[in-house]
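Visitor: Test case, fold it:
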Amino acid sequence: MKRLVALVLLVAVFVPVSARIKIGIAQIGDSGSPSELLNSFRELISVEPEIDLIVGPDCALGGRENKARIKLTYFPDSVVYEAADTFEVSREVVAALDTLCELARAHSITILPGTIWEVDSFCRVFRTVPIISPRGIIVATRRKLRQLYRAPFIDPTIKLDTVFTHDGSSYTYLITISNEAMDLPKLYSASASADIWILMQWNYVDDVNQLVEQLEFSDSVAWSVVYNVFPDSIYDSLLTSGWISDSSLVVISSRAEHSGAFWLNALSLDTTQQVIPGYTQVSSGAIVNVDPYSRDPLGRIVVVAKDSFGAPQESVFTFVVNPDSSYMEFDWTDSNGVAEFDVKLYGQYTVVTVRWGSIVRPTESMVTVNYINPVCTLNVLAYDTTGIFEDLSGSEPGVVVFPNPSSYISFSVPAGIDRVEVVDIGGRMVGKAVATRKGLITWRPRSSLPAGIYFIRGSSGRIYGKIIVIK
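Guide: Now for the predicted structure:
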């Protein structure tokens, strides 16, 4: 019986219902002190008591001038710290570490407080990040690498680490300290890509606030500003070497009053935005609530179909193309006349609505989903009719082409039609298409096909519709 109970507890702990991580990003002034860092951490915890990870900036404890020196003693499962001298600032850092360990233990948080000045027994000095576990002890460290060469006393700390969350999920993270992001891939090979890239800095990135404002909160992104603040030279070598991936979450903590987070691939979208809906800004930093494995929808497109008397219309086929045309979704309106689509990119969407034996107006619409307007509702009218989408030579009803004109073609067809031919105005076949999903055939013209007017021909030889191909 005891073994059965233990199994039940294991399932409860390690199989989360919803995998998410809540990250607090500390933000302190350029002349910040250990007490200011602690106040920032306390505020983040008060805003989100179930926070999983808190990140501090480079030189957060001891400043840039190397006035506070801390001696670390390494054991297999823990690291013990003490002041390496009698200076008051060193004692302040030790007291701050004591408090941080207490906060980590009291709230089950992983804390990365930023760098301290570590002195080893050979009087070598390192900028070191203590990794404080939810048990309230330092379990590992991350030493800043030496520029241009490897060192055996630094090598073991250059790796991906793992954070475990309150809901039982886990994520890998990579720490880089100020300007080492470009040098690290030159010296060390990646074994895997990090879910989260944590950049601890002083003022390496000039204005993270402006960067985050553009990527997360601006209705119209000024990409020239984004690329000026965060050029690809900062992250390109990490990306191409595999230390991080396009889908990594970037977390930046800074002493220069600039901190924040964003998705790395938000930098490459240009015409759309991919933001973090669970983003909270506070006076001393920010909190993000995300699942790096599955992006949260930023909003929705809601299609509502009714007839001229206001009655809901079921089975209106709705086809949605996202802003960069990288994917398409479709669904039918339900008994309430409603079809809903989650939106994971900000930008302009194409929405096509059709129904067999009906005229739907509008057939094709452009809707914009953005930070100001995250939910867009499109109302359409569906009229029963015995007519067809476009009458061509007495053709039978049933084939609808969308978008039209287009550089790719989708056929919305009734049951019974499983393949069609595409012919030019001279009757020469230029392509075939076979239904891969019920009611939907998609065909992309070959690149050499000239722009112009083409026709859909069934296996019986009947012409069902007209296509306009554009380049």
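Visitor: so where's the stretch 1-150 of the chain shaky on pLDDT?
Guide: Residues of the stretch 1-150 of the chain that meet the criterion pLDDT under 70 lie in 1-18, 31, 64-66.
Visitor: Spell out the residue ranges of the helices in it.
Guide: Assigned by DSSP state H, counting those that start in this stretch, the helices in the stretch 1-150 of the chain fall at 2-14, 34-47, 88-107.
Visitor: Just say which of these is most tucked in.
Guide: helix 34-47 (a mean of 19; mean count of other Cβ atoms under 10 Å). Where you see a C-beta, it was placed from the backbone N, CA and C, and this is true even at glycine.
Visitor: mind saving the C-alpha coords of it as CSV?
Guide: This file holds the C-alpha atoms of helix 34-47, laid out as CSV (Å, rounded to 0.1, in the frame of the first residue of the first chain):
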residue,chain,number,x,y,z
PRO,A,34,23.0,45.0,-2.7
SER,A,35,20.1,46.5,-0.7
GLU,A,36,18.5,47.8,-3.9
LEU,A,37,18.8,44.4,-5.5
LEU,A,38,17.1,42.8,-2.5
ASN,A,39,14.3,45.3,-2.6
SER,A,40,13.8,44.5,-6.3
PHE,A,41,13.6,40.8,-5.6
ARG,A,42,11.2,41.3,-2.7
GLU,A,43,8.9,43.4,-4.9
LEU,A,44,8.9,40.8,-7.7
ILE,A,45,7.9,38.1,-5.1
SER,A,46,5.2,40.2,-3.6
VAL,A,47,3.6,40.7,-7.1
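Visitor: between that helix and helix 88-107, how many degrees?
Guide: Taking axes from the mean of the first three to the mean of the last three Cα atoms, to 10 degrees, one finds helix 34-47 and helix 88-107 inclined to each other by 10 degrees.
Visitor: Packing partners of helix 34-47?
Guide: Applying 3 or more Cβ pairs under 8 Å, 6 or more residues apart in numbering; DSSP states H and E, we find helix 34-47 packed against strand 21-26, strand 53-55, helix 88-107, strand 279-282, strand 285-290.
Visitor: contacts for the third one?
Guide: This points to helix 88-107. 33-35, 37-38, 41-42, 45, 49, 51, 61-63, 67-70, 81-84, 109-111, 113, 116, 130, 132-138 (Cβ atoms under 8 Å, 6 or more residues apart in numbering).
Visitor: In PyMOL, select just the buried ones from those.
Guide: Selecting just the buried residues from these in PyMOL takes one command, with 16 or more other Cβ atoms under 10 Å as the test:
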select buried, resi 33+34+37+38+41+45+51+61+62+63+68+69+70+81+83+84+109+110+111+113+116+130+132+133+134+136+137+138
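Visitor: Relative to Asn179, tell me which of the helices and strands packed on helix 34-47 wins on proximity.
Guide: When these are compared by Cβ to Cβ, strand 53-55 sits nearest Asn179, at 17.8 Å.
Visitor: Does anything pack onto that closest one? Which helices or strands?
Guide: Strand 53-55 packs on strand 21-26, helix 34-47, strand 110-112, going by 3+ Cβ pairs under 8 Å, 6+ apart.
Visitor: tally of neighbours for Arg295?
Guide: Using other Cβ atoms under 10 Å, Arg295 has 18 other residues around it.
Visitor: ok, it touching Pro277?
Guide: No. Using Cβ atoms under 8 Å, Arg295 makes no contact with Pro277, being 9.3 Å away.
Visitor: Only alpha carbons, please: show whatever helix or strand Ala305 lives in as PDB.
Guide: For Ala305, the host element (DSSP states H and E) is strand 299-306. Taking C-alpha atoms only, strand 299-306 is exported to PDB below (Å, rounded to 0.1, in the frame of the first residue of the first chain):
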ATOM      1  CA  GLY A 299      -5.700  37.100 -29.400                       C
ATOM      2  CA  ARG A 300      -8.500  35.600 -31.500                       C
ATOM      3  CA  ILE A 301     -10.400  36.000 -34.700                       C
ATOM      4  CA  VAL A 302     -14.100  35.300 -34.300                       C
ATOM      5  CA  VAL A 303     -16.300  34.800 -37.300                       C
ATOM      6  CA  VAL A 304     -20.000  35.100 -36.700                       C
ATOM      7  CA  ALA A 305     -22.300  34.000 -39.600                       C
ATOM      8  CA  LYS A 306     -26.000  34.900 -39.700                       C
END
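Visitor: Just the residues contacting that strand, thanks.
Guide: 312-314, 316, 318, 320, 333, 337-343, 346, 349, 351, 353, 360, 367, 369, 373-382.
Visitor: Apply the buried test to these and list what passes.
Guide: 312-313, 316, 318, 320, 333, 337-339, 341, 343, 346, 349, 351, 353, 360, 367, 369, 376, 378, 380-382.
Visitor: ok, back up a step: could you export the helices and strands packed on strand 53-55 as CSV, including distance to Asp324?
Guide: Listed next are the helices and strands packed on strand 53-55 as CSV, based on distance: least, Cβ to Cβ, whole Å:
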stretch, distance to Asp324
strand 21-26, 27
helix 34-47, 35
strand 110-112, 35
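Visitor: Tell me which of the ones you listed sits nearest to Lys159.
Guide: strand 110-112 (14.2 Å).
Visitor: and Val430, how many neighbours?
Guide: By other Cβ under 10 Å, neighbour count at Val430 equals 17.
Visitor: That one belongs to a helix, doesn't it?
Guide: No. Under DSSP: H, G, I helix; E, B strand; the rest coil, Val430 sits outside any helix and is assigned strand.
Visitor: That one contacts Leu449, correct?
Guide: Yes. Counting by Cβ under 8 Å, Leu449 is a contact partner of Val430 at 6.0 Å.
Visitor: backbone phi and psi for the residue nearest to Glu364 when sequence neighbours are not counted, please?
Guide: Leaving aside its sequence neighbours, Glu364 sits nearest to Val352 (Cβ to Cβ, 6 or more residues apart in numbering; 5.1 Å). Torsion angles at Val352 (phi, psi; degrees, to the nearest 10) stand at phi -120, psi 130.
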